[in-house]
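Asks: what would the 3D arrangement of this be:
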Amino acid sequence: MLAKDTKLGDTYTILEQIGSGGGGVVYKAYHERLKIYVVVKQIKENVKGILKSRAEADILKRIKHTYLPRVYDFLDVDGEIYTVMDYIPGKSLDTILKEEKRFSYKQVLKWANQLAEALDYLHRQNPPIIHSDIKPANIMLTPEGNICLIDFNISLAFDSSRKTSTGISGGYSPPEQYENLKSYQKKVTASIRAEKARKVSPEEDATVAVDAEEEDRTVTVTGDTENLAVSGTEDHFAKTIEEEIGRGVDERSDIYSLGATLYHLLTGVKPSQDFGKIVPIEQYDLELGEGFLVILKKMMQLQPEKRYQNGGELLYAFEHIYELDDEYRAYRTKRRILKLAAGALGISGILLTTAGVMIRGRELNLYYNRNVEAAGEAIEAGNFEMAQEYLETAENTLPHQIDAYGKEALCLFKMGDYEGSIQYISDIVQNPMYQIENESDEQALADIFYIAAHSFMELEDFSNASLNLKEAIKLDSGNSTYFRDYAISQAKQGNMGEAEAALEEAVSLGLGKDSIYMVQGEIAFAKKEFEQAQDYLDKAISASKDDDLRRRAVILYDEIYREMGDSYLDEEIAFLEQEERRAAGSQSVMNLTERLADAYARKAEADEANQKDYYQKSLDKFLLLYENGYSTRQMMENIAIVYQALGEYDQAEQMLISMGEKYPDSYVSYKRLAYLEAEKQQSKENLERDYTKMKEYYDRAKELYDDQIGDQEMQMLDNLIQDLKDGNWI
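Replies: Below is the predicted model of the structure:
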C-alpha cells in the first residue's frame, strides 16, 4: 500500500486510497505537471503476471471517448505496475443505489445509450477492448448528469487467446466468464449463504429480498414467480449453464454485464449469482417501454449467440428503441395525418387564390403565419422543397413582412447552399421589400445577418463573417450567440484579444456552458494548444444539446487531428465513426460522413497493406452522400478520384463525364479525364498506347482554364503533355 504524499516518477503525488477491486488498489493522486487530479491504480500480482509487454498495456492510451476516462500513463516502479487515468468527479452508481434504492426509467435509458456508445467505441478498437467488469461500482455519475465507465484497465488482463478474465463480479458476470462449472457452483453456494432466504408466494404479490446487507430495499413482484427465469425444464437449464461455463469472454460478455447492471439500476435488486433465480424484469411492477424490455431481455440471454454481438449492435438497438413500441407505431400514423394536413394547407392556399377569396386583416396575418410555421417545420424535417413552397405563398401574401425572408435564407443554409444563402440575403437587404416596424422585426433582421455570417463561416471567409455579425449585434446587442460566433470569427483570424473580449461579453449575457467550451476550444486551437482545445471540445460535445453547435465542435475536433498529422489517422477515424453514429438521423450527419470518407482516403494513402479496403470504405461513404442528393462538383470529383485509385476506370470516367455535363463551364472534369486517360494508357504495353483521347481532354481543359487560378495540377499536366510530344506519343 502506498503512503500519503508518496511520489511516483516525480510526476504523481499520492493523496489517498479510494478503492480496491479485482484488478488492484486505487488511489487519488495529483498530476504535478498538468495540475489536475488523477487516479493511480496499482496492478495486483495475479494481473501483473499476465501483462506481456508495454505495447500490450499501451493499447488503452489511445482511448479517447466522452464516456470513458483518459489513460495518461503506465509506470513500472520498483517492479510494481501502475496505471494513471482521469479522476472522474461524482459518485458511483453503486453508491447512489444505496442512497436512492433505484432509478427512473428515463434516467436509466439515457445512461444506457451513453454506455452503449462507450462499448461500441471499445469494441471497435483493433484489437477489440473488452471491459469485462461492468457493474454499478464501475460507473461514475458526473456532476453534469452523464456517466463515465471506469476501471476498464482490467480488460488487458487476458491470456494469449484473450479468453480468461481475471475476476468475477457475482450477479453481473455472464456464465462464460466463470473458469469452470466447479468454480461457478462454489461461488453460488457462497452467495446463497450470504443472502437472506427468499420467500415468494405464487398465490399473491410478494416481496423479493435483496442482499443481506441491503435488507431495507425491496421491490414488488407481480404474478407467478415460480421458475420465472427458466424457459423449459430444470435439466435443460442446467445443461445450458454447463455448456456456457468456461467458454471465455468476448464482446458479448460486456453486453450481458451491462444488461445485468441496467436490471439492477431499474429494479434496485442485484441479479442473483444463480442464473436460475434471476427474476425476469417484466415481473416487476415497473413502467418500462416495450422496446427497452425487448433489448434488456436480449442482453441478458445466457447464450452469447442470442445476445447483441457487440457494442455497435447494441447502440443501434437503443437508437431505434422506439420502433419496438406500440406508441411509436401510433406516432407514425399521427405523423402521416399531420403530413396530409400540411398538404391540405398548401392546397387551401391554391383554392383561396383561385377562387379569389378576399382575406384581410387578422385572417390574412393568420394565413401568412401558418405558412411560415409550416415552412419552419418542413425545414426541420429536411423537406426543403416543401418549405420553399410554403415560403413562396407567405411572401406573396404579405411581402412587407420579414419573417418569411429569414426562413428562406435559413432554408438555403440548411440545404448546404452557403453561397446561395449569402447571395439571397445580399439581394433582400440591398433591395428590401420588407418593412422594419418594431423590435421584433429588428431581431428578425439581426437573425438574417447572423445566417449570412454563419454561411461565410462555413465557407471559411471569417472576415465577412465578422462584418455580418457586427451588423447582427447592432440590431440585437443582448444576444449571447452573436457574441459567441463573433469571438470564434476573431479567433479564426488570430485576433485573440478581440476574441476573448467577445467571449467575456457573451458570458455576461448568459452564454451556455457548451458554447463557452466551444469558444475556448476555438481560441486554444488558434493558439495551437491542441490538447487543451480537445479537452474543451470534449466538454462542449458532452454538454451540448444543440445539433449545430455539436457539429461545429466535432468538425473543429477533426481539424485538430488533421493538424496533428497522419500518425493520428486511426484516432481521427475512430472519432468520426463514433460521431457519425451519434448524429444518425440529424442533418449534421452529412458533414461528418464526408469528413469520414476523406479520412478513409487519407488512410488508404498512408497504409499500403490495407489500401484497397480503406479506398472502398471511402467510396462507400462518398456514394452514400451522392445518392442522397449531395452531388456537388467536389463530391463528384472525389468519387471519380477514389474509383480511379481502385482501378475502376470505367466508373471513374462515367462520373467525370456526368460532372462535365452538370458543370459545363468548369475545366476540372476535363483535367481529371486527361489524368485518368493517361493512367489507363500507361497500364498498357507500349505498342497498344494511344494518347489521342487524353490530348482532347487536355485541350478542352485548357480552353476553360484561367491561368490566373494557379492550379499546380494543370501545370503538371502541361509538362506531361510536353513529355508525350517530346517522345512522339502525340
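Asks: burial check on the closest residue to H31 other than its chain neighbours, number of neighbours?
Replies: Nearest residue to H31, sequence neighbours excluded (CB to CB, 6 or more residues apart in numbering): V38, at 4.9 Å. C-betas here are computed from N, CA, C, even on glycine. For V38, the neighbour count with other CB atoms under 10 Å is 23.
Asks: next: E251.
Replies: 24.
Asks: now do the SS call for M716.
Replies: Three-state call for M716 (DSSP: H, G, I helix; E, B strand; the rest coil): helix.
Asks: ok, back up a step: hey, what's the residue nearest to H31 bridged with?
Replies: A29, D86 (DSSP bridges).
Asks: didn't it look like it was pressed against I14?
Replies: No. Here V38 lies out of contact with I14, judged by CB atoms under 8 Å, at a distance of 10.4 Å.
Asks: mind listing what L315 touches?
Replies: 113, 116-117, 119-120, 581 (CB atoms under 8 Å, 6 or more residues apart in numbering).
Asks: out of the residues you listed, which sit inside helices?
Replies: 113, 116-117, 119-120, 581 (DSSP state H).
Asks: strands along the stretch 101-250 of the chain, start to end?
Replies: Using DSSP state E, counting those that start in this stretch, the strands found in the stretch 101-250 of the chain span residues 139-141, 147-149, 206-208, 219-221.
Asks: my read: I295 touches H320, true?
Replies: No. Assessed by CB under 8 Å, I295 is found out of contact with H320, at 9.8 Å.
Asks: who's more crowded, those two?
Replies: Neighbours of I295 and H320, each counted by other CB under 10 Å, are more numerous for I295; the result is 23 against 14.
Asks: gap between the two ends of stretch 123-130?
Replies: 7 Å (CA to CA, to the nearest Å).
Asks: could you list the buried residues of that stretch?
Replies: Buried residues in stretch 123-130, counted by 16 or more other CB atoms under 10 Å: 123-125, 129-130.
Asks: state the mean pLDDT of the helix or strand containing A404.
Replies: A404 is part of helix 403-414 when elements are defined by DSSP states H and E. For helix 403-414, mean pLDDT rounds to 94.
Asks: between helix 403-414 and the helix or strand following it, find me the angle.
Replies: Once the chain leaves helix 403-414, the next helix or strand it forms, by DSSP H and E, is helix 418-430. Interaxial angle, helix 418-430 versus helix 403-414 (axes from the mean of the first three to the mean of the last three CA atoms, to 10 degrees): 160 degrees.
Asks: angle of the next helix or strand after helix 418-430 against helix 403-414?
Replies: The first helix or strand that comes after helix 418-430 along the chain, using DSSP H and E, is helix 439-458. Angle of helix 439-458 versus helix 403-414, following the same axes, to 10 degrees, is 20 degrees.
Asks: what helices or strands is helix 439-458 leaning on?
Replies: Judged by 3 or more CB pairs under 8 Å, 6 or more residues apart in numbering; DSSP states H and E, the packing partners of helix 439-458 are helix 403-414, helix 418-430, helix 462-475, helix 480-492.
Asks: to Y172, which of those lies closest?
Replies: helix 480-492 (43.5 Å; CB to CB).
Asks: just the C-alpha atoms of that closest one, please, in CSV.
Replies: The C-alpha coordinates for helix 480-492 follow below in CSV (Å, rounded to 0.1, in the frame of the first residue of the first chain):
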residue,chain,number,x,y,z
SER,A,480,-25.1,36.0,-26.5
THR,A,481,-25.0,33.7,-29.5
TYR,A,482,-24.0,36.6,-31.8
PHE,A,483,-21.1,37.4,-29.5
ARG,A,484,-20.1,33.8,-29.3
ASP,A,485,-19.7,33.5,-33.0
TYR,A,486,-18.1,36.9,-33.3
ALA,A,487,-15.5,35.6,-30.8
ILE,A,488,-15.0,32.5,-32.9
SER,A,489,-14.6,34.5,-36.1
GLN,A,490,-12.0,36.7,-34.4
ALA,A,491,-10.1,33.6,-33.1
LYS,A,492,-10.1,32.2,-36.6
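Asks: just checking, next helix/strand downstream of that helix?
Replies: Downstream of helix 480-492, the next assigned helix or strand under DSSP H and E is helix 496-508.
Asks: and the angle for that next one with helix 480-492?
Replies: Using the same axes, to 10 degrees: helix 496-508 against helix 480-492 is 160 degrees.
Asks: residues of helix 496-508 that come out buried?
Replies: 498-500, 502-503, 505-507.
Asks: any idea which of these is closest to L391?
Replies: Closest to L391 out of these is A506 (30.9 Å), distances taken as CB to CB.
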